[in-house]
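Peer 1: Pasting a predicted model and its sequence here:
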Amino acid sequence: MNVKKTFCIILLFLILFSTITFVSADDDRSYTINQAFIDLTVGNDGLLHVDEKYDYAFDGAFNGVYRDIPLKSGERIENIKVSANGAYPVLKESDDNGYKHLKIYLYSDAAHTQGIKDCDVTVYISYDITNVVTLFNDVGELQYKLWGEEWDVGVGSLTAKIHLPGDKGNEYFLNPQEYNKSSSINGDTITAQTSSIPKGEFYELLVLMPLSDFNNATYAKHVNQNGRDMIMKNLEDSVNGRNFWNTAYIILGLLSLLSPIGAIFTYLKYGREPEVNYDGIYERDLPTDDPPEVVNALIENRTDIGTPNMKGFEASIMSIIDKKAINLDTQEDIHSQTNDLLLTFNSKEELSTNEKIVFDTLHHFSANNILNLSALNEQLSSEDNAKWFMEKIGDWETSVKNETNPAKYFDNTGSTIIMGIGLIGIVFSIIIAILGFTTPLKNGLYCIIGGIFLLIFSIAILLVNEDIFGKWTEEGRLYYLKWKNLKKFLEDSSLIKEYPPESIIVWKKYLIYGAALGIADKVYDSMKLQVPNISNYDEDVFRYHYYGGYSMMSAAFITGESAANPSSDSDGFGSLGGGSGGGGGGAF
């Protein structure tokens, strides 16, 4: 149960994480940048002039927009000018931590008294930057982010024009390449158009220019070394690395399909049941003389065939009562106006090994050789008592499993393989989903989709019955079918009416094995149809069920399991993305 809850929490976390969007502090407002236009002019003196234009669409009330421009060592911004269409702008600028901060207040009136609301505004920003163009001994270089990864939102499209000081010998590169929609160079002008650029991504220009295009370049950065080969190597390494990860994310996402393919192969090879010569529909008599806890382990607990569950423990109690090793009595509880169920312990000499463990487990909580079963739930609310109880349950499960010899009846090769596929799938799904969520690359979406799909599939195959991918042996298949047909018979009250048991002895067997098969209540209801005054029979097995012993033990087991496991409080030139400019902005 705890494992299932953990899986569900992990799944819920991923689903919530995949749908979270970061919005402004006010839930009733939002904005988009539909288009951006960037115009760069590289002077032969090394000065870079920048013109930026942003088309904002505001939904709700806003005070303005801001623009943060990072500056590398030695870079300086001058001659800042701001204007707008659709609003009246007021600029406030500051410098802090290597950034030029531009805060542009937008007003809907010329008197600057009213902010903007539900409108479209085009904002223009222009400025000059020095020491951005770099002159090496063999080439001039401009590496500049036309769009930065620090914007609060993405942009629908970006159009860029770059005017160069010369019209010959220029080389340009635009990255990341997946955002390139079109680009060209005509004389001394480069033109580029992008697709939408998501939040957290950048778009960068790298231009190599002949040194002869520059004259007295006092506004450029000078580096006394050759730069072309270094720049091209860094660019190639960065682009190849990005392409590698884009491809890797697709492959990682597609690898999630290997899990269902492996599951199908496992089922076809290990999960198909053998043919047996049996075509019965119902079984009226007990198919074998196995004790009820063994039948429970093989038939009822299909998630771990061969290991009994609490229904088998209940059936063992009823079997012990039937053997007179425990006597049953009742007494009225004057506080609750109900009957307490009292178990008196006799000799255990005639009991099986499994039954002796059950006997000793219950006897441990008795006083003067009498256990008030109605109070067991309260005793098991103690952590020490609960841990002891669960340890004894574990001893009992091991004992039953050793007697059952599940390998004789069931081949769990396929279910073991599926368990491995499921556990590895959960780990792998979380890893690739985290990679998808944390990468700015758009192909990370393949990892997110693949990771969520794989997580759901992996959890599902871990929760399916063990006999879906495992298979019964021929002997086990026959055993399973016969006991399932007895269960069908016991569940069908009309059939029991047609074939009524001849004696109380048979009814007791039906009730005990019905408990092992998880249908004790249905069997008891059918018995009452045949023998309306069944509670008057001086048979402790019937009285145990009549006075709620079955439900008392179930509640005690749940309490013990919970109490036993308490929750605790607990600067490379040419390298992709290394250019000047960029930064980000938003609205406030």
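Peer 2: Thanks, I have the structure now.

Peer 1: Provide the secondary structure category for residue 66.
Peer 2: Three-state call for residue 66 (DSSP: H, G, I helix; E, B strand; the rest coil): strand.

Peer 1: ok, it touching residue 105?
Peer 2: No. If you go by Cβ atoms under 8 Å, residue 66 and residue 105 don't touch, sitting 9.7 Å apart. Bear in mind the C-beta positions are built from the backbone N, C-alpha and C, glycine included.

Peer 1: beta partners for the nearest residue to residue 366 once chain neighbours are set aside?
Peer 2: Leaving out its chain neighbours, the residue that sits closest to residue 366 by Cβ to Cβ, 6 or more residues apart in numbering is residue 345, at 6.2 Å. Under the criterion DSSP bridges, residue 345 forms beta bridges with residue 326.

Peer 1: Spit out the contact partners of residue 345.
Peer 2: Contacts of residue 345 were listed using Cβ atoms under 8 Å, 6 or more residues apart in numbering, and they are 325-326, 359, 362-363, 366, 369-371.

Peer 1: So it versus residue 377, what's the distance?
Peer 2: 19 Å (Cβ to Cβ, to the nearest Å).

Peer 1: what do you get for residue 38?
Peer 2: For residue 38, the distance to residue 377 equals 72 Å [Cβ to Cβ].

Peer 1: Repeat that for residue 30.
Peer 2: From residue 30 across to residue 377, the span is 54 Å (Cβ to Cβ).

Peer 1: same deal with residue 470?
Peer 2: The gap separating residue 470 from residue 377 is 36 Å, by Cβ to Cβ.

Peer 1: and these two? which has more neighbours close in?
Peer 2: residue 470 (23 against 17; other Cβ atoms under 10 Å).

Peer 1: Contact partners for the more buried one?
Peer 2: Residue 470 neighbours (Cβ under 8 Å, 6+ apart): 270-271, 305, 410-416.

Peer 1: can we see that at 7 Å?
Peer 2: Contact analysis of residue 470 by Cβ atoms under 7 Å, 6 or more residues apart in numbering lists 270-271, 410-415.

Peer 1: For it, give its distance to residue 487.
Peer 2: With Cβ to Cβ as the criterion, residue 470 and residue 487 are 20 Å apart.

Peer 1: Residue 397 now?
Peer 2: 22 Å.

Peer 1: Angles on the backbone of the closest residue to residue 121 other than its chain neighbours, please.
Peer 2: Spatially, and ignoring its direct neighbours in sequence, residue 121 is nearest to residue 86 (4.0 Å; Cβ to Cβ, 6+ apart). The phi/psi pair for residue 86 (degrees, to the nearest 10) reads phi 100, psi 0.

Peer 1: shouldn't residue 86 be in contact with residue 117?
Peer 2: No. The pair formed by residue 86 and residue 117 falls short of the contact definition of Cβ atoms under 7 Å, at 11.7 Å.

Peer 1: joint contacts of these two?
Peer 2: By Cβ under 7 Å, 6+ apart, no residue touches both residue 86 and residue 117.

Peer 1: more crowded one of those two?
Peer 2: Neighbour totals were compared for residue 86 and residue 117, and residue 86 leads with 15 against 12 (other Cβ under 10 Å).

Peer 1: what residues are up against the more buried one?
Peer 2: 119-122 are the contacts of residue 86 under Cβ under 7 Å, 6+ apart.

Peer 1: Next, the buried residues of stretch 509-522.
Peer 2: 509-520, 522 (16 or more other Cβ atoms under 10 Å).

Peer 1: try stretch 54-69
Peer 2: For stretch 54-69, by 16+ other Cβ under 10 Å, it's 54-56, 58, 62, 64-69.

Peer 1: Could I have the CA atoms of it written out in PDB?
Peer 2: The C-alpha atoms that make up stretch 54-69 are tabulated as PDB, following Å, rounded to 0.1, in the frame of the first residue of the first chain:
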ATOM      1  CA  TYR A  54       9.000  45.200 -29.300                       C
ATOM      2  CA  ASP A  55       5.300  44.800 -30.000                       C
ATOM      3  CA  TYR A  56       3.700  44.200 -26.600                       C
ATOM      4  CA  ALA A  57       0.100  43.100 -26.100                       C
ATOM      5  CA  PHE A  58      -1.200  43.700 -22.600                       C
ATOM      6  CA  ASP A  59      -4.200  42.000 -21.000                       C
ATOM      7  CA  GLY A  60      -4.900  43.800 -17.700                       C
ATOM      8  CA  ALA A  61      -3.400  46.800 -16.000                       C
ATOM      9  CA  PHE A  62       0.400  47.400 -16.100                       C
ATOM     10  CA  ASN A  63       2.800  50.100 -15.000                       C
ATOM     11  CA  GLY A  64       5.300  49.600 -17.800                       C
ATOM     12  CA  VAL A  65       8.100  47.400 -19.100                       C
ATOM     13  CA  TYR A  66      11.800  46.800 -18.300                       C
ATOM     14  CA  ARG A  67      14.900  45.800 -20.200                       C
ATOM     15  CA  ASP A  68      18.000  44.400 -18.600                       C
ATOM     16  CA  ILE A  69      21.200  44.400 -20.800                       C
END
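
Peer 1: ok, and what's touching it?
Peer 2: Defining contact as Cβ under 7 Å, 6+ apart, one finds that stretch 54-69 is touched by 26, 28-36, 77, 99-106, 115-123, 125, 150, 581, 583-588.

Peer 1: Show me the beta-bridge partners of the closest residue to residue 94 other than its chain neighbours.
Peer 2: Among residues not flanking residue 94 along the chain, residue 101 sits closest, at 4.7 Å (Cβ to Cβ, 6+ apart). Residue 101 has these beta-bridge partners by DSSP bridges: residue 68, residue 94.

Peer 1: This completes my enquiry, with thanks.
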